[in-house]
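Novice: Quick one, fold the following:
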Amino acid sequence: MRMRQSKTTTACDGSPAGAYPGAWLSNGVPAAAATGAVSPTRIDPFAPLPHALLTRLVQLYFEYKFWLAPYPHRPSFERDFARRREQQAGQDEWVALVYGMATNALMLPARLLPVSADEAKRLVMVSFEHMMGFLKREYDEYSVDRLYIIACAANVAQGNGHTALCRELIGSMIFLAVQRNLDRESTYAALPPLEREMSRRIWWLVYCADRAGATCEGARPVLNEETCAGVALPSTLDDEALELATAGLEVPLSADDKAEARSPSPLWGFFYSAAQWRVAGKIYSRRERDQAIPPEPGTILQRIVELDEIIEELDDLLVDVPAFLALKPDAAAVRTPDTPVATSKQGIVVQQSNIWVTQQAIRLVAVQYRRELVDLRWSAAPPPNAVVPRSDILAVHKLHENERAFLASRDLIVGTLLSVLQALPLELVAVNTCPAISMIRFVASTLLTDHGGDSLSLGHLQQYIDYLSRLESCVYRRI
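Specialist: Below you'll find the predicted structure:
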């Protein structure tokens with residue numbers, strides 16, 4: 001399904017070519033793209049990136065970044081890449097998609113790259129300019145590939161400190177996703193199987209970006225939880241199994257079964273990441289409601305009980321993950337951050353870093369909201385029909401008690417996160433670039449405002465400063 005939009009100067013040309021020729025043919029792919037016709041005057045759009053280097057960057061993308069954002073469909077993409085799809089007419093969107101993937105790879109830690117840090121900076125800027133030039137063109141139609149291109153451009157903007165541009169890009173991505181009705185489960189039923197699942201992955205990338213921005217940057221969430229709560233979580237079928245299922249062929253029994261999931265599919269980590277941010281969406285929907293219209297004193301206790309149930313749901317999410325994603329932070333001493341990890345397991349560690357760091361960041365949001373509710377309860381005037389009027393001394397005592405409870409919960413979170421980080425190789429935590437740094441900073445920042453001067457909090461703060469310094473030196477290459 002393709003949507004027709006009014007003319008705008010904030011987007012691309014009208015090329016409807018997507019990443020999955022079989023899925024798009026019925027939706028208006030140009031005849032040249034369908035037949036493989038090559039334009040005789042076509043200039044190599046990847047001239048700034050030698051083919052050997054581009055091939056290596058694509059490999060790095062699938063080795064590392066794909067474990068965080070499983071897009072595009074790998075088998076389809078690899079077939080298109082092998083046949084040099086960019087040489088066909090009407091492939092501007094495809095070319096921008098490949099530049100986005102290359103950019104994500106170029107922002108990996110320097111030691112993983114086949115080029116120098118300075119050359120990586122230059123190529124990131126070249127790729128970013130190509131993506132932005134594509135996005136600024138006028139357009140009538142777009143595919144879900146466009147949303148991923150915007151996400152890639154936003155990642156570069158964030159990495160270079162352009163927070164306003166990053167939020168603007170993510171805002172446009174959210175708008176296009178909603179206009180395409182990706183926030184409604186009924187939309188997916190009308191799509192061919194492969195397009196359905198890839199559209200669902202794009203939706204969850206959009207959703208997670210919105211919730212992560214609200215968590216780490218203090219931005220208000222844009223998506224309305226009530227209208228999008230019905231969208232199902234992404235499938236855990238890997239791309240090869242998904243292709244078999246799409247073709248009506250037999251899928252291995254273990255492909256979509258957590259109890260049998262011995263194979264480290266990239267989709268398991270993505271599934272749990274999406275589930276965590278959905279729990280965060282429940283927290284934000286309630287927090288937004290209460291900030292817009294403060295609850296009546298008689299309903300605050302009910303709010304606290306609801307929130308405690310959501311926190312319990314968040315804690316329970318990772319209790320039963322597949323064995324290859326399980327992480328025991330207390331076992332940090334068993335492996336130091338500098339211990340080498342087998343190449344075959346690096347993607348798994350990247351996912352472990354993402355989901356276990358995310359858990360603590362969301363948990364901190366929840367306990368902050370809980371503190372606000374309890375403060376509101378004991379700061380409000382007592383109910384007029386109270387049997388015994390509440391004394392001011394009791395209210396002050398309860399407020400102090402609430403602050404101590406918050407600090408205890410906060411200390412548990414910052415300590416747990418430190419244990420998680422110490423149990424993972426720094427370089428693989430750095431693969432998640434800005435999102436990882438933002439979540440770690442968010443947790444550490446509470447030690448600046450609520451440390452209370454005790455030695456435990458100050459010790460944690462020093463450890464976070466040291467860790468973030470090493471992490472940022474591994475990630476940031478501002479242009």
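Novice: Contact partners for A361?
Specialist: When contacts are counted by Cβ atoms under 8 Å, 6 or more residues apart in numbering, A361 is found next to T215, C216, M439, F442, V443. For the C-beta atoms, the positions are set from N, CA and C on the backbone; glycine is no exception.
Novice: How about the fourth one: what's its closest non-neighbour residue?
Specialist: This means F442. Leaving aside its sequence neighbours, F442 sits nearest to C216 (Cβ to Cβ, 6 or more residues apart in numbering; 4.7 Å).
Novice: so that neighbour sits right up against R441, yeah?
Specialist: Yes: with contact defined as Cβ atoms under 8 Å, C216 reaches R441; the gap is 7.2 Å.
Novice: When those two are compared, which one has more neighbours?
Specialist: Neighbour count, other Cβ atoms under 10 Å: between C216 and R441, C216 has more, with 21 against 17.
Novice: So for that one, what's the pLDDT?
Specialist: What the model reports as pLDDT for C216 is 86.
Novice: need the contact list for it.
Specialist: With contact taken as Cβ under 8 Å, 6+ apart, C216 is in contact with A361, P435, S438, M439, R441, F442.
Novice: mind running it again at 6 Å?
Specialist: Residues near C216 by Cβ atoms under 6 Å, 6 or more residues apart in numbering: S438, M439, F442.
Novice: again with S172
Specialist: If you count contacts by Cβ under 6 Å, 6+ apart, S172 has none.
Novice: now do F324
Specialist: Residues near F324 by Cβ under 6 Å, 6+ apart: P264, I348.
Novice: Quick check: the gap between it and R377.
Specialist: As judged by Cβ to Cβ, to the nearest Å, F324 and R377 stand 43 Å apart.
Novice: Break the protein down into its structural domains.
Specialist: Structural domains of the chain, as assigned by automatic domain parsing, span the residue ranges 3-232, 286-382+390-475.
Novice: count of residues packed around T55?
Specialist: Residues lying near T55 (other Cβ under 10 Å) number 13.
Novice: Can you tell me the closest non-neighbouring residue to it?
Specialist: F81 (7.9 Å).
Novice: any idea how far the helix or strand the one you found falls within is from the chain center?
Specialist: In the assignment (DSSP states H and E), F81 maps to helix 74-82. Relative to the mean C-alpha coordinate of its chain, helix 74-82 is positioned 24 Å out (Cα atoms, centre = their mean, to the nearest Å).
Novice: ok, and for it, which residues are buried?
Specialist: By neighbour count on 16 or more other Cβ atoms under 10 Å, the buried set for helix 74-82 is R74, S76, F77, D80, F81.
Novice: tell me the contacts of Q351?
Specialist: W67, G269.
Novice: How is it assigned, secondary-structure-wise?
Specialist: At Q351 the chain is in helix, as set by DSSP: H, G, I helix; E, B strand; the rest coil.
Novice: just checking, next helix/strand downstream of the host helix or strand of T433?
Specialist: Secondary structure assignment for T433, by DSSP H and E: helix 433-449. Where DSSP H and E defines the elements, the next helix or strand beyond helix 433-449 is helix 455-475.
Novice: Return the distance of L325 relative to A151.
Specialist: From L325 across to A151, the span is 23 Å (Cβ to Cβ).
Novice: Tell me where the model's unsure across the stretch 151-300 of the chain.
Specialist: Along the stretch 151-300 of the chain, segments meeting pLDDT under 70 span 252-263.
Novice: Tell me where it has helices.
Specialist: Taking DSSP state H, counting those that start in this stretch to define them, one finds helices in the stretch 151-300 of the chain at 163-179, 185-189, 193-216, 225-228, 239-246, 266-292, 297-317.
Novice: How far away from the center of its chain is the second one?
Specialist: Relative to the chain's own centre, helix 185-189 is displaced by 22 Å; criterion: Cα atoms, centre = their mean.
Novice: List the contacts of the helix holding T433.
Specialist: With Cβ under 6 Å, 6+ apart, helix 433-449 has contacts from 107, 158-159, 216, 357, 361, 364, 410, 414, 417, 429, 457, 460-461, 464, 475.
Novice: try 8 Å this time
Specialist: With Cβ under 8 Å, 6+ apart, helix 433-449 has contacts from 107, 155, 158-159, 212, 215-217, 353-354, 357-358, 360-361, 364, 368, 410, 413-414, 417, 421, 429-430, 457-458, 460-461, 464-465, 467-468, 471-472, 475.
Novice: Check stretch 102-113 too.
Specialist: Here stretch 102-113 has contacts from 49, 54, 57-58, 60-61, 64-65, 69, 115, 117, 120, 123-124, 127-128, 131, 152, 155-156, 159, 427, 430-431, 433, 474-475, 477, using Cβ under 8 Å, 6+ apart.
Novice: Among those, name the ones in helices.
Specialist: Counting by DSSP state H, these place 54, 57-58, 60-61, 117, 120, 123-124, 127-128, 131, 152, 155-156, 159, 427, 433, 474-475 in helices.
Novice: List buried members of those by neighbour count.
Specialist: Buried members of the ones in helices among the contacts of stretch 102-113, counted by 16+ other Cβ under 10 Å: 54, 57-58, 60-61, 120, 123-124, 127-128, 131, 152, 155-156, 159, 427, 433, 474-475.
Novice: if we can go back for a sec, what's the ChimeraX syntax to select whichever of the contacts of helix 433-449 are buried?
Specialist: In ChimeraX, this line selects whichever of the contacts of helix 433-449 come out buried by 16+ other Cβ under 10 Å:
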select :107,155,158,159,212,215,216,353,354,357,358,360,361,364,368,410,413,414,417,421,429,430,457,460,461,464,467,471,475
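Novice: sorry, back to before: so which of the contacts of C216 comes closest to A245?
Specialist: Closest to A245 out of the contacts of C216 is M439 (33.6 Å), distances taken as Cβ to Cβ.
Novice: so how far is G347 from the closest one?
Specialist: 19 Å.
Novice: Next: P72.
Specialist: Plainly put, P72 is 17 Å away from G347 if you go by Cβ to Cβ.
Novice: And stretch 220-234, what's buried?
Specialist: Under the neighbour-count criterion of 16+ other Cβ under 10 Å, stretch 220-234 has P221, V222, L223, E225, C228, V231, P234 buried.
Novice: Can you list the buried residues in the helix or strand D411 falls within?
Specialist: Secondary-structure element containing D411, defined by DSSP H and E: helix 392-422. Of the residues in helix 392-422, those buried by neighbour count under the rule 16+ other Cβ under 10 Å are 395, 398, 402, 406-407, 409-411, 413-422.
Novice: before we move on, what about stretch 111-120?
Specialist: L113, A120.
Novice: end to end, how far does it reach?
Specialist: This stretch, stretch 111-120, spans 11 Å end to end (Cα to Cα, to the nearest Å).
Novice: Show the pLDDT at the spatially closest residue to A120 that is not a sequence neighbour.
Specialist: Leaving out its chain neighbours, the residue that sits closest to A120 by Cβ to Cβ, 6+ apart is L106, at 4.9 Å. On the pLDDT scale, L106 is placed at 95.
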